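In: show me how the following folds:
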Amino acid sequence: MENQRNISEFILLGLSSNKNIEIFCFLLFSFCYIAILVGNLVIIVSIRCSPLFDQPMYYFLIHLAIMDLCYTTTVTPKLIGDLLVERKTISFDNCMLQVLLMHFFGGIEIFILTAMAYDCYVAICKPLHYMLVMNRTRCNLLVLAAWVGGAAHSFPQLSMAIHMPFCGPNEIDDYFCDILPILKVACTDIYINGILVIADSGMVALVTFIVLFFSYVVILFTLRNQSAEGRRKALSTCASHITVVLLYFVPSIFIYLRPPTTYSKDKIFALFYTIIAPMFNPLIYTLRNSEMKNAMRKVWCQTLFSKETHN
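Out: Numbers count the residues shown, from 1 in each chain. I've put the predicted structure just below:
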């Protein structure tokens, strides 16, 4: 591998060369990252310390929150730090690690969202068989399948990137290492590699999105036979899922399901699935969910009350 490259680091061009914009982005993304950490940790603790943990939907939601934390931590701290420095560099090894982890955690998140859609489908379309179908063993297998799917998606991306010849220039027109910007600076024809990216990242995002879309069509069609209260509750849950899916998949499909070219606006679209979606996930799943809000009140109010009593 060493004889295929003569560079030890990449230079990231970042979001903007304007210092005022970078300072604004530093403040904005610092707030976003703190919100992601706090919001997802609150969800994890609230579910784990309440009876909701025994329900499949919230069991998957814990894993989604964990993946949000891991996924955004792969990119956001580096982005925030780079906004304060003039020369934004990343070593070759760290760049390859970022490619691996981003696609690994991102792949797991995609498949967990699919498992949550399946859970929603069973709950609404097969309510009498729900507890039998969505038992804890089945839930564990779905989470395990998500991890296997994430690995199967990410390791080919790493293998493709790490075996590319790099002889300069080493400037990546992005704020993090991803497979398409890396291919652009490789010293070889990338046509076949671009097709492989579309077949892997692009088709995974598109096929999963189509499956999720039709599952929600079936769910909404089935809701016609539900009571008004049942429709309201189911629609609230499904609306949360659909919002998260749109935030995550639409930008991903736009970037990965096309020939291997990069545009400046890709950075803006990438912000949606690297920062914005992980930040809004806790709000989407809590503000529209009465069970989640009640669990949070009980867990955190009891914690604060017990501290006050102890003091």
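
In: can you list the buried residues in the lengthiest helix in the chain?
Out: Longest helix of the chain, by residue count under DSSP state H: helix 92-125. Burial within helix 92-125, assessed by neighbour count using 16 or more other C-beta atoms under 10 Å, is assigned to 92, 95-96, 98-125. The C-beta positions use only the backbone N, C-alpha and C, and glycine is treated the same way.

In: contacting residues for the nearest residue in space to Phe104 that is not next to it in sequence?
Out: Of all residues not flanking Phe104 in the chain, Ser154 sits nearest, at 3.8 Å (C-beta to C-beta, 6 or more residues apart in numbering). Counting by C-beta atoms under 8 Å, 6 or more residues apart in numbering, Ser154 touches 99-104, 106-107.

In: go with 7 Å
Out: By C-beta atoms under 7 Å, 6 or more residues apart in numbering, the contact set of Ser154 is 100, 103-104, 107.

In: export the residues you listed to a markdown table and append columns for distance to Thr73.
Out: Output for the contacts of Ser154, formatted as a markdown table (distance: C-beta to C-beta, whole Å):
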| residue | distance to Thr73 |
| --- | --- |
| Leu100 | 14 |
| His103 | 15 |
| Phe104 | 13 |
| Gly107 | 16 |
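
In: show me the shaky parts of the protein.
Out: 1-6, 229-230, 233-234, 236-237, 260-264, 287-289, 302-311 (pLDDT under 70).

In: quick one, helices of it?
Out: Under DSSP H, the chain gives helices at 19-48, 56-82, 92-125, 130-133, 136-162, 179-184, 191-197, 203-222, 228-256, 266-271, 277-287, 290-310.

In: quick one: contacts for Gly202?
Out: Taking C-beta under 7 Å, 6+ apart, we find Gly202 in contact with 256-257.

In: quick one: it and Ile179, what's the gap?
Out: Remark: distance between Gly202 and Ile179 (C-beta to C-beta, to the nearest Å) = 11 Å.

In: next: Leu212.
Out: From Leu212 to Ile179 the distance is 23 Å (C-beta to C-beta).

In: and for Val197?
Out: From Val197 to Ile179 the distance is 6 Å (C-beta to C-beta).

In: rewinding a little: out of the helices of the chain, nearest to Ile7?
Out: Nearest of the helices of the chain to Ile7, taken as C-beta to C-beta: helix 92-125 at 6.6 Å.

In: same for that closest one, what does it pack against?
Out: Contacts defined by 3 or more C-beta pairs under 7 Å, 6 or more residues apart in numbering; DSSP states H and E place helix 92-125 against strand 9-12, helix 56-82, helix 130-133, helix 136-162, helix 203-222, helix 228-256.

In: that one vs helix 56-82, what angle?
Out: 150 degrees (axes from the mean of the first three to the mean of the last three C-alpha atoms, to 10 degrees).

In: off-centre distance for helix 92-125?
Out: 6 Å (C-alpha atoms, centre = their mean, to the nearest Å).

In: relative orientation of that helix and helix 228-256 in degrees?
Out: 150 degrees.

In: may I see the buried residues of stretch 217-226?
Out: Result for stretch 217-226 [16+ other C-beta under 10 Å]: buried residues 219, 223.
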